[in-house]
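**Q** Dropping the sequence and predicted coords here.
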Amino acid sequence: MYSSAFLFAFTLPNLFRRLLGEGALTSALIPVLSDELENRGRSAFYALLNKVASRVILVLLVITLLGCGTLLALDAFLGLEERWHMAFRFGALLFPYVFLVCLSAVCGGALNNLGRFGIVAMTPILLNFCMIGALGVAGFWLGLDEAGTVLWLCGGVLFGGLLQFALPARAIVRNGWRPSLDLKSSPEVRRTWELFLPGVAGAAVLQFNLLVSRFLAFAVEEGGMAVLFLASRLVELPLGIFSIAVITVAFPQMSKLHARGDRPGFNAAFCRGLRFILIMTVPATVGLMILAGPILDLLFGWGMARGDGVESTVPVLQISVLGMPFFSAVALYTRGFHAQQDMKTPLRASYHAVVVNLVLSVLLGLILPFGIRGLAAAGVFASAWQCFFLWKRSGIPLPGVGANLIKVTVAAGTMGAICWVAWYAVSSWLHLDLVQWLEPSKINSLVAVLVIIPAGVFVYGSGLWLLQLEDLQAVKDLLFRWKRSEPKDEAG
């Protein structure tokens, strides 16, 4: 109950983070900043950044105060079950995270335009370290109860948000930015605002979609929110490591190519990004489906989550992971439209997705007896439809994608078959009792994560090498560069 209440509360600031921060604001800001940097130089670039940041600070202050006040009012005047009131109180405490993380997105977008990606990519790691550290202090050192532990966890989120803002802000200051309050208007600010409004509408639809799914999960069963959240976390792990890495590099590059009027270069950059995404998400999908059980058992099968907690999450994860290639492709297509300063097409796609998700969520999650699994399936179908909608309207040729997808599927299928046989052998025949506090099933899960997964990666990479995949070296270069300099040409 405490876990679900915290996750529901954390959904609220995350909604605004994705809505205002890394969603619409970044999508509107990066193309306009690219135009400024390409056509007028760094001084105009930093002047526009000050104008946008000044307005964002004022808007975020108002949103934060309204959000905290609304949640506290709901807690005071509504008579609901205790889990709802816990969620309201935790939400009010967490809401200032919106202010910090949205400012972090502004600084991060500017750094990406300058070809700096490493620091921006590192900031979510800092948040996670702060949350893990807060849990460790509260649970192991102080020995607090559930309520006290969640309060410390909220503090970890806020401190992590402060670090998320401070590091990219410091980095861009070292690159020459001199922050100042500037509320003067300009054509570039108005253009950013014109792109921002439809972007907010599109992001709002998607976040409403997510909020409805989590609300239904919170209402369907007491631990439903936690089950759906854990499944989505594991799906987002490869998305964050691989797909977002590709999109983060491709988006400012596509924006610059569009600003130069280089349509062939734009199409080539987009197509290359899509091929990279398929190369990395297809095997991740296969691997998570086959090894869902041991991965969940090793990561989360401890304490009160043992047994039924893991078992109920396995099928939800196996369903959710089917949407991973669609989620990634939708994110890339959306950024492709945004790079062309077209915010309306992704908005229409979002409307379609939310209708599909709502209808299927009610049908599969409430009317038919599928519960949380039905909600997960509804999200997959909605993303697939959204991907199809954006593909049909993009008009971007995709040379080589079909041939690459065949090679990737063959290599991933071979990897999956070998991983399945290996896991069957380990779970059936290996019963090691190496340490007193670690039971044999945990040993098996540890072997799956530390041995079978790396072996599967080797098998997959070898398969791509044998099939002579053209993009293999380029993907390796993308994944193993900590800092990436600004591309010198369209093929960079």
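**A** Yes, it's here.
**Q** Quick check: residue 367 vs residue 359, distance?
**A** To residue 359, residue 367 is 10 Å away according to CB to CB, to the nearest Å. C-betas here are computed from N, CA, C, even on glycine.
**Q** more crowded one of those two?
**A** Higher neighbour count among residue 367 and residue 359: residue 359, with 13 against 10, using other CB atoms under 10 Å.
**Q** Sketch out the strands for the stretch 51-200 of the chain, chain order is fine.
**A** In the stretch 51-200 of the chain, no strands are found when defined by DSSP state E, counting those that start in this stretch.
**Q** Same check on the stretch 351-492 of the chain?
**A** With DSSP E, counting those that start in this stretch as the definition, the stretch 351-492 of the chain shows no strands.
**Q** which sections of it are below the confidence cut-off?
**A** 366, 430-440, 475-492 (pLDDT under 70).
**Q** now do 50
**A** 435, 482-492 (pLDDT under 50).
**Q** for the stretch 151-300 of the chain, same thing?
**A** Across the stretch 151-300 of the chain, nothing is flagged by pLDDT under 50.
**Q** As a check, name the ranges of all helices in it.
**A** In chain order, the stretch 151-300 of the chain shows helices spanning 187-220, 224-238, 244-260, 263-290, 292-300, with DSSP state H, counting those that start in this stretch as the criterion.
**Q** Now do whatever helix or strand comes next after the shortest one against helix 263-290, angle only.
**A** Using DSSP states H and E, the helix or strand that directly follows helix 292-300 along the chain is helix 308-320. Between the axes of helix 308-320 and helix 263-290, defined by axes from the mean of the first three to the mean of the last three CA atoms, to 10 degrees, the angle is 150 degrees.
**Q** elements contacting helix 308-320?
**A** Other helices and strands packing on helix 308-320, by 3 or more CB pairs under 8 Å, 6 or more residues apart in numbering; DSSP states H and E, are helix 224-238, helix 263-290, helix 292-300, helix 371-394.
**Q** Make JSON lines from those and add mean neighbour count and distance to residue 42 to it.
**A** JSON lines is the format used below for the helices and strands packed on helix 308-320 (neighbours: other CB atoms under 10 Å; distance: least, CB to CB, whole Å):
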{"stretch": "helix 224-238", "mean neighbour count": "22", "distance to residue 42": "34"}
{"stretch": "helix 263-290", "mean neighbour count": "22", "distance to residue 42": "23"}
{"stretch": "helix 292-300", "mean neighbour count": "21", "distance to residue 42": "44"}
{"stretch": "helix 371-394", "mean neighbour count": "22", "distance to residue 42": "32"}
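**Q** possible to save the ones you listed as a markdown table with distance to residue 256?
**A** Below are the helices and strands packed on helix 308-320 laid out as a markdown table (distance: least, CB to CB, whole Å):
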| stretch | distance to residue 256 |
| --- | --- |
| helix 224-238 | 28 |
| helix 263-290 | 9 |
| helix 292-300 | 39 |
| helix 371-394 | 19 |
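**Q** So for residue 321, which of these sits nearest?
**A** With respect to residue 321, and counting by CB to CB, the nearest of these is helix 263-290 at 4.4 Å.
**Q** Who are the packing partners of the closest one?
**A** For helix 263-290, where contacts count as 3+ CB pairs under 8 Å, 6+ apart, the packed elements are helix 224-238, helix 244-260, helix 308-320, helix 324-339, helix 401-429, helix 453-466, helix 472-479.
**Q** Name the single longest helix found in the protein.
**A** Assignment by DSSP state H gives helix 42-77 as the longest helix of the chain.
**Q** Surely residue 386 and residue 326 touch.
**A** Yes: counting by CB atoms under 8 Å, residue 386 does reach residue 326; the two are 7.4 Å apart.
**Q** hey, which of the helices and strands packed on helix 263-290 is tucked in deepest?
**A** helix 324-339 (a mean of 24; mean count of other CB atoms under 10 Å).
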